[in-house]
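[1] I'd like to go over a predicted model; first the sequence, then the structure.
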There are 2 protein chains.
Amino acid sequence: MKEKKQEKLPTIGYKGTRDFFPEDMRIRQFMFSVMRGVVESYGYEEYDGPMLESLDLYRAKTGEEIVGKQLYNFVDKGGREVAMRPEMTPTLARMVASRQRELPRPIRWFSFPNLWRYEQPGLGRLREHWQLNVDIFGVDGYEAEVEILKLASDILFAFGADKTMFRIRISHRKILDGFFENSLKLDPSKAQEVSKILDKKNKISREEYIKEVEKTIPGDPTALGKIDEFLSCSINSISDIDGIPMEIIEETRNLLSQLEKLGLKELIEFDPSIVRGFDYYTGFVYEIFDVSPQNKRSLYGGGRYDNLTGLFSNESISGTGFGMGDVTLKNFLEAHNLLPNLGRENVVCIPLLDERYLSEVFQVADLIRKNGIACEVFLNSKQKLGKQITTAEKKGMKYILLMGDDEIQKGIYSFKNLEERTQVDIPKQELISSIQKELRI
Amino acid sequence: MKEKKQEKLPTIGYKGTRDFFPEDMRIRQFMFSVMRGVVESYGYEEYDGPMLESLDLYRAKTGEEIVGKQLYNFVDKGGREVAMRPEMTPTLARMVASRQRELPRPIRWFSFPNLWRYEQPGLGRLREHWQLNVDIFGVDGYEAEVEILKLASDILFAFGADKTMFRIRISHRKILDGFFENSLKLDPSKAQEVSKILDKKNKISREEYIKEVEKTIPGDPTALGKIDEFLSCSINSISDIDGIPMEIIEETRNLLSQLEKLGLKELIEFDPSIVRGFDYYTGFVYEIFDVSPQNKRSLYGGGRYDNLTGLFSNESISGTGFGMGDVTLKNFLEAHNLLPNLGRENVVCIPLLDERYLSEVFQVADLIRKNGIACEVFLNSKQKLGKQITTAEKKGMKYILLMGDDEIQKGIYSFKNLEERTQVDIPKQELISSIQKELRI
């Protein structure tokens, strides 16, 4: 029995999830706070919904692959079928629908949900990840996309990215639909199948791609050539393709030209191959790509859906928006060397040299904190000063305020810079100004 | 078939959860950011863990009632038994254990997890709630409790609370244990049962309480009187009770006296009735109570556990810490009228009066945002100005920047204060300074 009791549990977390130790959490908080700053500066407001939703919410709209194979769904103790959210849009749609009549438009909302998918964990693929979601509703024109794409770029600029580091690729679902229907003469279900092949085109070999197209469109030897021609079109040559509505080409031109006027010319590309996985996009679709060789992939993906709240209400509302995952963003920042030093240098450490000094040490710490400087007090007075200093160094701290017998009696503390191995005397009454000077803040 | 298709889904979320609309989210973000500010100023570092953990983690330590009746557990698609976290401590213990040897001490960590319990939703009882968790490890003495309780009070002070609004109640598990063992002569399992009765004493009637005590300790007519005497003890009279270790009383006195020296005298009470629900506390236990008549209950609860990582490792580490729920905190702030106005007055709105102005409007908006002022552009140029202004008002905005034909040509914009019904002209080159003046920032 005793043996049994001593079997220890493993310290590794659930497969495909991450533990955020303080150094990881600092990065996550840094990324979220930069993003939040930009998005809020555009007047977007943050929302959140519950981690669990009724399974029905996903059965209806989320792609089949996700619901069947990737959803974390179960029956709760009261017999309700529930699921952990695999994406935020269904929750967003439910929330918007519940106040559809009263919410003044444009509705500008954002969120940082954690999302769950049952996947085989791999590079950039996790079971739990976080995603910035930004959406605007109630603007039918391309002006909304101008804003959304400018905002998406501004987020990367706010991290210090420049125009050599990423590209914005834009298309419109009706361009693809027009090509499928009028040029390839496909029925909607075939069109859906072909769109899936295009979506993964860059991930499979040319041979595989050809095989899949020929299997899906049998008996049309011109199909492959037509698709190749279509995919190589610019916004100007796209009008040569049969059956693409002129007003859609015009609207796309407007979007591109407005983005150019806003200084984003070098970043934007018209790219008719863009599909985006989900079934709900009906207008513009877009992606932001990292151009670094080691991380060549989509950072953001998004688009316009004409009837977000259709599951809940007969009134339709049009919106456009994107999602960006925390893992891809972190990879982007690392690939371009944009992660700043998020250390703890500016936390002042006060060792405790004797239990008797506790209340004086706490009062001094309090004063430092009230002046906006973080201060950590070591509480093991039995530990020798040398040991306490080593601990401070291990914790990434740089500044030590010494309050020993001598210092307390004279009212003059010693302030050590561990990195530069310097030390200054600070009279009690000049404590804050001197510390600010030492910390260069 | 068509009928069927038009059945709409309900817009209400899963039972016992909340949708955070922007006005709710502002409050949540405000609360978290005040708390984060205080906790970080003490040198605590934020961590987070996954929403799902192995079921084993909770089977071992979390109270039976939670695991049996209140846990959200299920089997994943790979056959693993998992659970949505009902509390953060098991995750925290797992993470600390995984780095137990390398983490420099004291370890000061905090987190804002959302937690799940299958409960009948009711006043202040939800299935999903958020909880600030603050813990310090590696300090064996009462100094850690001095810091933790000062920090807990400072959080409430940071919200504007004063000393009339809450109380800190402190006891030590060994005081209760000593009383049970030596004065009531109870074996550990009986002691556990009686502690549960004491824990709910204030929620049941005196008759029920007496009945339960008599049922649990049959044949000892003195038990009730002894318990009454014990519960009414002060820190000075507690030494009259048989079998309470003197060194524990001394340590408790030290803690109380240090907190007094730090100016918290009016707030602290020694209260031997404090049990705290969980089984793992082994030293000091504490609660912070709201004293307002409409919200008379525990805001924080916490205590010391001597062997946090025992499930994972043979090395023990002692820690002390507390949790505070977002619902109780919000109730406290509301009861004491401490929630500030978290409106959107300082977001500047620019109506779009003509599609042609889009790029000029965006450039001006950009400039405003880069100067730290949020700016929302309305994008429906077909909407009349009056309608756009009404929308701005509905959105809680106060300031409008007008950029019409006239304004753009002259380079002089009109800046309207919707609340005071005033308007000033702002030359383009003085845009930022003038807006700052109008916003009084």
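    Perfect, thanks for sending it. Everything numeric here is computed off the predicted structure, so don't read it as measured data. Numbers count the residues shown, from 1 in each chain, chains lettered A, B, ... in the order given.
[2] which stretches of chain A aren't confidently modelled?
    A:1-6, A:61-65, A:277-279 (pLDDT under 70).
[3] any idea which helix or strand comes after the longest strand along it?
    Secondary structure of chain A per DSSP state E: the longest strand is strand A:128-137. Counting by DSSP states H and E, the element after strand A:128-137 in chain order, helix or strand, is helix A:143-158.
[4] Can you mark which positions in that following helix are buried?
    A:143-156 (16 or more other Cβ atoms under 10 Å in any protein chain shown). Quick note: C-beta positions are derived from backbone N, CA and C, even for glycine.
[5] So which elements touch that helix?
    Applying 3 or more Cβ pairs under 8 Å, 6 or more residues apart in numbering or on different chains; DSSP states H and E, we find helix A:143-158 packed against helix A:22-41, strand A:128-137, strand A:166-172, helix A:246-259, strand A:284-290, strand A:298-305, strand A:319-325, helix B:358-370.
[6] is any part of the longest strand of chain A close to chain B?
    Yes - Strand A:128-137 lies within reach of chain B by Cβ under 8 Å from any Cβ of the partner chain, at A:128, A:136.
[7] what angle sits between that strand and strand A:319-325?
    160 degrees (axes from the mean of the first three to the mean of the last three Cα atoms, to 10 degrees).
[8] Strand A:128-137 to helix A:143-158, inter-axis angle?
    Using the same axes, to 10 degrees, strand A:128-137 lies at 140 degrees relative to helix A:143-158.
[9] What strands line up against strand A:128-137, and which way round?
    Strand partners for strand A:128-137, identified by DSSP bridges, are recorded as strand A:107-111 (antiparallel), strand A:114-116 (antiparallel), strand A:319-325 (antiparallel).
[10] In the stretch 151-300 of chain A, which residue sits nearest chain B?
    Using Cβ to the nearest Cβ, the closest approach of the stretch 151-300 of chain A to chain B is made by residue A:261 at 4.2 Å.
[11] can you count the residues close to residue A:204?
    13 (other Cβ atoms under 10 Å in any protein chain shown).
[12] what's the nearest residue to it if we skip its chain neighbours?
    Closest residue in space to residue A:204, ignoring its immediate chain neighbours: residue A:212 at 7.7 Å, by Cβ to Cβ, 6 or more residues apart in numbering or on different chains.
[13] That neighbour: how many residues sit nearby?
    Residue A:212: 18 surrounding residues under other Cβ under 10 Å.
[14] ok, now residue A:238?
    Residues lying near residue A:238 (other Cβ under 10 Å) number 21.
[15] next one: residue A:403
    Neighbours of residue A:403 (other Cβ under 10 Å): 21.
[16] cool, the one 4 residues further on as well?
    For residue A:407, the number of neighbouring residues by other Cβ under 10 Å comes to 19.
[17] Residue A:440 now?
    6.
[18] try residue A:334
    The tally of other residues near residue A:334 (other Cβ under 10 Å) stands at 14.
[19] One more: the one 4 residues further on?
    Neighbour count for residue A:338, taken as other Cβ under 10 Å: 15.
[20] hmm, back to that, state the helix or strand in which the residue nearest to residue A:204 lies.
    helix A:206-216.
[21] quick one: contacts for the residue of the stretch 151-300 of chain A closest to chain B?
    Neighbouring residues of residue A:261 by Cβ atoms under 8 Å, 6 or more residues apart in numbering or on different chains: residue B:359.
[22] Next: residue A:77.
    Shown in contact with residue A:77 (Cβ under 8 Å, 6+ apart): B:69, B:118.
[23] what's the spacing between it and residue B:325?
    According to Cβ to Cβ, to the nearest Å, residue A:77 and residue B:325 sit 21 Å apart.
[24] Tell me how many other residues crowd residue A:307.
    The burial count for residue A:307: 15, using other Cβ under 10 Å.
[25] tell me the contacts of the residue nearest to it when sequence neighbours are not counted?
    Leaving aside its chain neighbours, residue A:307 sits nearest to residue A:316 (4.3 Å; criterion: Cβ to Cβ, 6+ apart). By Cβ under 8 Å, 6+ apart, the residues touching residue A:316 are A:306-310.
[26] Can you go through these and name the buried ones?
    Neighbour-count burial (16+ other Cβ under 10 Å) applied to the contacts of residue A:316 gives A:306, A:308-310.
[27] can I get the residues you listed in JSON lines with distance to chain B and secondary structure?
    Shown next, in JSON lines, are those (distance: Cβ to the nearest Cβ, whole Å; DSSP: H, G, I helix; E, B strand; the rest coil):
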{"residue": "A:306", "distance to chain B": "16", "secondary structure": "coil"}
{"residue": "A:308", "distance to chain B": "12", "secondary structure": "coil"}
{"residue": "A:309", "distance to chain B": "9", "secondary structure": "coil"}
{"residue": "A:310", "distance to chain B": "9", "secondary structure": "coil"}
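[28] Show the backbone phi and psi for the residue nearest to residue A:270 when sequence neighbours are not counted.
    Nearest residue to residue A:270, sequence neighbours excluded (Cβ to Cβ, 6+ apart): residue A:235, at 4.2 Å. Main-chain torsions, residue A:235, degrees, to the nearest 10: phi -60, psi -30.
[29] hang on, residue A:235 packs against residue A:253?
    Yes - counting by Cβ atoms under 8 Å, residue A:235 sits close enough to residue A:253 to count as a contact (5.9 Å).
[30] neighbour-wise, which of the two wins?
    Ranked by neighbour count (other Cβ under 10 Å), residue A:235 and residue A:253 place residue A:235 first, with 19 against 16.
[31] where does the residue in the stretch 301-441 of chain A positioned nearest to chain B land in three-state SS?
    Here the stretch 301-441 of chain A gets closest to chain B at one residue, residue A:376, 2.7 Å apart by Cβ to the nearest Cβ. Secondary structure state of residue A:376, per DSSP: H, G, I helix; E, B strand; the rest coil, is strand.
[32] picking that back up, you'd agree the residue nearest to residue A:307 is in a strand?
    No - Residue A:316 is assigned coil when assessed by three-state DSSP, not a strand.
[33] give me every residue that touches residue A:262.
    Residue A:262 neighbours (Cβ under 8 Å, 6+ apart): A:146, A:150, B:359, B:362-363.
[34] Repeat that for residue A:125.
    Contacts of residue A:125 by Cβ under 8 Å, 6+ apart are A:16, A:119.
[35] If it is in a bridge, with which residues?
    Beta-bridge pairing of residue A:125 under DSSP bridges involves residue A:122.
[36] From residue B:437, how far out is it?
    Residue A:125 is 51 Å from residue B:437, by Cβ to Cβ.
[37] and what of residue A:16?
    Between residue A:16 and residue B:437 the computed distance is 53 Å (Cβ to Cβ).
[38] More neighbours: the two, which one.
    A count of neighbours by other Cβ under 10 Å puts residue A:16 above the other of residue A:16 and residue B:437, at 21 against 13.
[39] So that one: helix, strand or coil?
    Assigned by three-state DSSP, the conformation of residue A:16 is coil.
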